[in-house]
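Enquirer: Curious how this folds, go ahead:
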Amino acid sequence: MSAHTSSRTRPNPIWVVLGVVGWVALVWLGSKMYGTNPRTAGFDLELLLRAGRDVAAGRSPYDPAMVAGAAPVAERLFYSYPPVVAQFVAVFAGMPSGAMLVAWDAAAVVGLAVVAGLIARRFAPDLPPSRVVIPVLCVTPIVFPFAVGLLFGNLDVFFPLLYGLLLLGVAGGRSGWAPIVGGAAATIASVTKLHPVSLVLWLMVRAFRSDVARRALLAALITGVAIVAVSLLLGGAALWSEYVAVVRAGSGADLVDPRNAGPAAQIALWIGGGEAFARTLQIPVTLLALAVTVVAAWSRRDAVESLAWAAAASLITLPVTWFHYPAAMIPFALLALLRARHTREAGRVAALVTAASVVSIIAISALPLVWLAVGLVIVATHLSAVTESTDAA
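Expert: This next block holds a predicted model:
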């Protein structure tokens with residue numbers, strides 16, 4: 001191997017040092033939080049595990065009081081995901097909680113690495129994928145929305161993978177299985193957390209102008225039917241009926257919470273509005289999110305920027321947006337960096353992505369700033385757009 005080739009494949013020592021320090025700090029913090037009483041790490045995953053163990057034992061994962069219509073207490077965690085989530089987690093019901101948290105987080109990090117490698121192969125074919133994947137993994141501990149999701153064991157830590165697969169499916173060209181996998185990923189995200197269902201709306205509108213989007217949409221619809229059919233086969237219709245009742249009861253939970261980054265909640269906090277104000281304001285917020293999704297799908301020529309707008313909008317379609325939700329924007333930031341490398345906008349795009357990362361760190365104590373970070377990523381995708389459309393005709 002020549003010295004030149006070796007230098008192209010060997011990771012930058014700065015990234016390695018940053019990664020080692022970051023991961024050691026994150027693991028140390030996670031172990032400390034997991035050892036507290038009550039645990040402050042892995043509690044979101046523990047909620048899913050309890051639901052999975054209930055399903056494995058033949059019980060409903062839903063709170064009987066909520067099924068009966070009682071509104072939940074705002075501070076209390078409760079299982080409100082679709083039945084398919086508990087049915088999937090039931091497969092791992094026998095695993096100890098600590099081991100499951102380690103495996104869960106490891107799978108999420110591997111998923112991020114996989115999607116980073118795929119984006120690198122498509123948008124930076126002149127680089128060895130390791131030159132992209134290693135830096136991404138090294139900065140992961142300081143991308144706070146993703147790092148917080150890892151500490152909590154939240155389901156959203158898999159959204160960089162799912163959103164990234166959809167991004168590759170609609171912006172990576174016609175070839176291969178990318179559109180099919182991307183469409184399936186959109187459905188998987190939608191049936192787990194509901195708020196990404198607006199991505200399917202994006203595919204529906206985009207399908208009028210893109211054959212790739214049509215293929216992805218068909219895959220999304222087939223995947224949705226298959227998932228629901230398997231869920232009904234395994235658990236019957238009763239679980240879905242209970243789920244609808246829980247969603248109805250859960251709509252009565254408090255929205256005005258300093259931890260809720262949703263625009264309606266933050267505006268209500270800012271002006272001193274109450275729950276009724278926040279619920280009323282959420283109606284135009286949701287309509288705005290859907291309108292942005294439709295307009296972006298139809299009017300933006302570049303598929304990457306178009307989907308970036310839709311991905312950001314998907315974070316506010318429901319009244320509650322937690323700090324870790326914007327981790328779904330990571331693939332868009334990475335793609336923007338890679339496709340701008342050899343353009344005159346490379347420096348500005350890098351500055352925008354760097355600023356987005358820094359702002360997301362500050363947002364841990366000034367929550368509304370997380371939306372500034374999301375906006376910076378969208379601007380980066382816009383500036384990185386190539387002259388010709390990345391969306392196949």
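
Enquirer: Okay, now the unreliable bits of this protein?
Expert: Judged by pLDDT under 70, the chain has its weakly predicted residues at 1-11, 73-76, 172-175, 386-393.

Enquirer: how about 50 then?
Expert: Residues of the chain meeting the criterion pLDDT under 50: 1-6, 74, 387-393.

Enquirer: Regarding it, what is its longest helix?
Expert: The longest helix of the chain (DSSP state H) is helix 97-123.

Enquirer: Counting by contacts, list what whichever helix or strand comes after it packs against.
Expert: Next in sequence after helix 97-123, counting helices and strands by DSSP states H and E, comes helix 130-139. The contact analysis (3 or more C-beta pairs under 8 Å, 6 or more residues apart in numbering; DSSP states H and E) places helix 130-139 against helix 3-9, helix 13-34, helix 97-123, helix 330-339. Every residue, glycine included, has its C-beta placed from N, CA and C.

Enquirer: Following element in sequence after the last one, please.
Expert: Using DSSP H and E, the helix or strand that follows helix 330-339 in sequence is helix 346-362.

Enquirer: could you give the angle of that following helix to helix 130-139?
Expert: For helix 346-362 against helix 130-139, the angle by axes from the mean of the first three to the mean of the last three C-alpha atoms, to 10 degrees is 30 degrees.

Enquirer: Next, the angle helix 330-339 makes with the next helix or strand after helix 346-362.
Expert: Later in the chain than helix 346-362, the nearest helix or strand by DSSP H and E is helix 369-384. Relative orientation of helix 369-384 and helix 330-339, computed by the same axes, to 10 degrees: 30 degrees.

Enquirer: Return the list of helices and strands in contact with helix 369-384.
Expert: Judged by 3+ C-beta pairs under 8 Å, 6+ apart, the packing partners of helix 369-384 are helix 303-314, helix 330-339, helix 346-362.

Enquirer: List just the one of these that sits closest to residue 296.
Expert: With C-beta to C-beta, the closest approach to residue 296 among these belongs to helix 303-314: 3.7 Å.

Enquirer: Please state the offset of that closest one from the chain centre?
Expert: Distance of helix 303-314 from the chain centroid (C-alpha atoms, centre = their mean, to the nearest Å) equals 12 Å.

Enquirer: circling back: take the helices and strands packed on helix 369-384 and lay them out in JSON lines including distance to residue 152 and mean neighbour count.
Expert: Shown next, in JSON lines, are the helices and strands packed on helix 369-384 (distance: least, C-beta to C-beta, whole Å; neighbours: other C-beta atoms under 10 Å):
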{"stretch": "helix 303-314", "distance to residue 152": "20", "mean neighbour count": "27"}
{"stretch": "helix 330-339", "distance to residue 152": "17", "mean neighbour count": "26"}
{"stretch": "helix 346-362", "distance to residue 152": "16", "mean neighbour count": "18"}
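
Enquirer: relative to helix 369-384, how tilted is the longest helix of the chain?
Expert: Using the same axes, to 10 degrees: helix 97-123 against helix 369-384 is 20 degrees.

Enquirer: on that earlier part again, of all the helices and strands packed on helix 369-384, which lies closest to residue 50?
Expert: Across the helices and strands packed on helix 369-384, closest to residue 50 is helix 303-314 (C-beta to C-beta), at 27.3 Å.

Enquirer: what angle sits between the closest one and helix 369-384?
Expert: Going by the same axes, to 10 degrees, helix 303-314 makes 170 degrees with helix 369-384.

Enquirer: which strands and helices sit next to helix 303-314?
Expert: Using 3+ C-beta pairs under 8 Å, 6+ apart, helix 303-314 sits against helix 159-171, helix 197-206, helix 275-299, helix 330-339, helix 369-384.

Enquirer: Burial check on the residue lying closest to residue 184 once chain neighbours are set aside, number of neighbours?
Expert: Once flanking residues are discounted, residue 184 sits nearest to residue 223: 4.3 Å by C-beta to C-beta, 6 or more residues apart in numbering. Using other C-beta atoms under 10 Å, the number of residues around residue 223 comes to 20.

Enquirer: Residue 257 too?
Expert: Residue 257 is flanked by 18 other residues according to other C-beta under 10 Å.

Enquirer: How about the one 5 residues further on?
Expert: By the other C-beta under 10 Å criterion, the neighbourhood of residue 262 contains 25 residues.
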